[in-house]
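Student: Any chance you can model this:
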Amino acid sequence: MDEIHGLFPIPFLRAPATLPRTLVDALVASFAAMALRENNSSGQLSHTEMLRPRDNPLLREVATLIDPKLADFGSVLFGERLPWSIKEMWVNVLDTGGRQAMHNHANSFVSGVIYLTATHESSSTVFMKSPGGTDFVFRNDHARMTPGPFNADKWISPQPEPGDLVLFPSYLMHAVPPNAGGRRISLAFNAIAARLESWGYTVSFDI
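Tutor: The predicted structure is shown next:
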């Protein structure tokens, strides 16, 4: 029998209801008004300054809930259960009509998003193949073709509920399409492993 194998897949973790609703509401009340930094992607997108869990007891509580998920996801990425630390966190506020351009996150291994409000289906996070990847020069792209994991250019994440968490490798390109719904608030973060070892040398990260 013929077999199709998905070689070298990219992991993506979705953990519904990682944060309890009481903590979600407290984060919105504490940080939404602090999202004053403009974003050049859209005039309807703003975010807070970079924060660290040690800066605020609410963020420390978030980090405590995320840490086991990071260790689980990291073991998939690196083949070993390692200690992880969150480098920075920030709250994004996306108003009606706002969007986030395609981007990835530098200087980290794992990035994540916790959704703090309801998300209109128009503004679900979209993940994309990196531009200039390993595709054929010629494409088969027309109304009759069926997109799938081996030929699609993008993947739309499931519509989240408040408190849901997603984790993905920081190099993965992603964007948020124009928001046709109400205000969308999310908490994003970057994380890094404490150390990596490779056949005789060790790199440690102190944050």
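Student: Quick one: the helices in the protein, in order.
Tutor: 21-31, 57-78 (DSSP state H).
Student: would you list the ones you listed in TSV and tack on distance to residue 167?
Tutor: Every residue, glycine included, has its C-beta placed from N, CA and C. Compiled in TSV, the helices of the chain are given as follows (distance: least, CB to CB, whole Å):
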stretch	distance to residue 167
helix 21-31	17
helix 57-78	5
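Student: residue boundaries of the strands in the chain?
Tutor: 13-15, 37-39, 42-47, 84-94, 100-103, 110-115, 126-128, 154-156, 165-169, 173-176, 184-193, 195-198, 201-204 (DSSP state E).
Student: Which of these sits closest to residue 22?
Tutor: Go through the strands of the chain one by one with CB to CB and the one that ends up closest to residue 22 is strand 110-115, at 14.1 Å.
Student: Can I get the strands of the chain in CSV including mean pLDDT?
Tutor: Formatted as CSV, the strands of the chain follow (pLDDT from 0 to 100):
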stretch, mean pLDDT
strand 13-15, 98
strand 37-39, 91
strand 42-47, 94
strand 84-94, 97
strand 100-103, 95
strand 110-115, 98
strand 126-128, 95
strand 154-156, 94
strand 165-169, 98
strand 173-176, 96
strand 184-193, 97
strand 195-198, 94
strand 201-204, 93
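Student: a markdown table for those, including mean neighbour count and distance to residue 145?
Tutor: What follows is those, written out as a markdown table (neighbours: other CB atoms under 10 Å; distance: least, CB to CB, whole Å):
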| stretch | mean neighbour count | distance to residue 145 |
| --- | --- | --- |
| strand 13-15 | 16 | 27 |
| strand 37-39 | 14 | 35 |
| strand 42-47 | 18 | 31 |
| strand 84-94 | 22 | 32 |
| strand 100-103 | 15 | 23 |
| strand 110-115 | 23 | 30 |
| strand 126-128 | 17 | 18 |
| strand 154-156 | 14 | 15 |
| strand 165-169 | 22 | 26 |
| strand 173-176 | 18 | 22 |
| strand 184-193 | 23 | 32 |
| strand 195-198 | 12 | 40 |
| strand 201-204 | 8 | 44 |
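Student: Dump the ones you listed into CSV; add distance to residue 75 as well.
Tutor: Converted to CSV, the strands of the chain look like this (distance: least, CB to CB, whole Å):
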stretch, distance to residue 75
strand 13-15, 11
strand 37-39, 33
strand 42-47, 30
strand 84-94, 10
strand 100-103, 26
strand 110-115, 11
strand 126-128, 21
strand 154-156, 23
strand 165-169, 12
strand 173-176, 22
strand 184-193, 10
strand 195-198, 13
strand 201-204, 18
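Student: closest one to residue 59 among those strands?
Tutor: Nearest of those to residue 59, taken as CB to CB: strand 84-94 at 6.0 Å.
Student: which other helices and strands contact that closest one?
Tutor: In terms of contacts (3 or more CB pairs under 8 Å, 6 or more residues apart in numbering; DSSP states H and E), strand 84-94 is packed against strand 42-47, helix 57-78, strand 184-193.
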